[in-house]
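Colleague: sequence below, structure please.
(chains A and B)
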Amino acid sequence: EDQVTQSPEALRLQEGESSSLNCSYTVSGLRGLFWYRQDPGKGPEFLFTLYSAGEEKEKERLKATLTKKESFLHITAPKPEDSATYLCAVQQSGGSYIPTFGRGTSLIVHP
Amino acid sequence: NAGVTQTPKFQVLKTGQSMTLQCAQDMNHEYMSWYRQDPGMGLRLIHYSVGAGITDQGEVPNGYNVSRSTTEDFPLRLLSAAPSQTSVYFCASSPQWGRSDTQYFGPGTRLTVL
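Modeller: Next up is the predicted model:
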């Protein structure tokens, strides 16, 4: 059973069409939740860390939020250059600090 | 700074062959790790190191060996390649263990085992 589930698997948007990506997790205690962006053929690039429910982080057109069971990555007025796969990972508190990654959401933004 | 570098970018092996994937970082990071990424699955940790001379197993260590003789280098060895090891391998580094928010990934090595 996956501890980290991302949805949808794939998302196609028109330029300017805002939407949200979801990351739900089932770990018993959360130390941190992380969002990464991964471009084709490249390694993941860190975007945000969230530590507690209610926390929000923003970067350009991206805003990440966290509740006790899930995180959302909101994309406002996306541009084609936002096309990428977005990965979510969680670290469980009291554990070995090994992060558990979700399978990712592939986002394509059409001009 | 070059960041995290990996060589080779692509590799094709036959079953039973051995090889070493190279990883180097020039940021003086203590923590380094190896992940594999397979279609339809999340990144999975293979091995990690919290400093020179110290290594430990991740989620999927079987079939892989690592060593950390210097802060900069963290090679991953496949002793006898199997088709199940066909994957994209990423090396990552971080200033300290447990800080995923500051984890920097390399560009990856795409490995095919026939």
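Colleague: now residue A:7: closest residue in space, sequence neighbours ignored.
Modeller: Among residues not flanking residue A:7 along the chain, residue A:22 sits closest, at 4.8 Å (C-beta to C-beta, 6 or more residues apart in numbering or on different chains). The way it works is simple: take the backbone N, C-alpha and C, and place the C-beta from them, glycine included.
Colleague: identify each buried residue in the helix or strand hosting the one you found, please.
Modeller: Using DSSP states H and E, residue A:22 sits in strand A:19-25. Neighbour counts over strand A:19-25 (16 or more other C-beta atoms under 10 Å in any protein chain shown) mark A:21, A:23-25 as buried.
Colleague: again with stretch B:55-75
Modeller: Buried, per 16+ other C-beta under 10 Å, within stretch B:55-75: B:55, B:58, B:60-61, B:64, B:66, B:68, B:71-72, B:74-75.
Colleague: dump these to JSON lines, plus pLDDT.
Modeller: Formatted as JSON lines, these follow (pLDDT from 0 to 100):
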{"residue": "B:55", "pLDDT": "95"}
{"residue": "B:58", "pLDDT": "92"}
{"residue": "B:60", "pLDDT": "94"}
{"residue": "B:61", "pLDDT": "96"}
{"residue": "B:64", "pLDDT": "97"}
{"residue": "B:66", "pLDDT": "97"}
{"residue": "B:68", "pLDDT": "96"}
{"residue": "B:71", "pLDDT": "95"}
{"residue": "B:72", "pLDDT": "96"}
{"residue": "B:74", "pLDDT": "98"}
{"residue": "B:75", "pLDDT": "98"}
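Colleague: which of these lies closest to chain A?
Modeller: Comparing the buried residues of stretch B:55-75 against chain A with C-beta to the nearest C-beta picks out residue B:58 as the nearest, at 6.0 Å.
Colleague: follow-up on the earlier one: so the residue nearest to residue A:7 touches residue A:69, yeah?
Modeller: No - counting by C-beta atoms under 8 Å, residue A:22 stays clear of residue A:69, with 10.5 Å between them.
Colleague: would you mind putting the CA coordinates of the strand holding residue A:22 into CSV?
Modeller: Output in CSV follows, covering the C-alpha atoms of strand A:19-25 (Å, rounded to 0.1, in the frame of the first residue of the first chain):
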residue,chain,number,x,y,z
SER,A,19,-5.4,24.0,-11.3
SER,A,20,-4.1,21.9,-8.4
LEU,A,21,-2.1,18.8,-7.9
ASN,A,22,-2.8,16.5,-4.9
CYS,A,23,-0.4,14.5,-2.7
SER,A,24,-2.0,12.4,0.0
TYR,A,25,0.0,10.5,2.6
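Colleague: who's in contact with it?
Modeller: Outside strand A:19-25, the residues within contact range by C-beta atoms under 8 Å, 6 or more residues apart in numbering or on different chains are A:3-8, A:11, A:13, A:33, A:35, A:69-75, A:78, A:86, A:88, A:90, A:100, A:102, A:105, A:107.
Colleague: next structured bit after that strand?
Modeller: Following strand A:19-25 in sequence, per DSSP H and E, is strand A:30-38.
Colleague: average pLDDT across that next one?
Modeller: Confidence for strand A:30-38, expressed as mean pLDDT, is 93.
Colleague: is it anywhere near chain B?
Modeller: Yes - using C-beta under 8 Å from any C-beta of the partner chain, strand A:30-38 reaches chain B at A:31-32, A:34.
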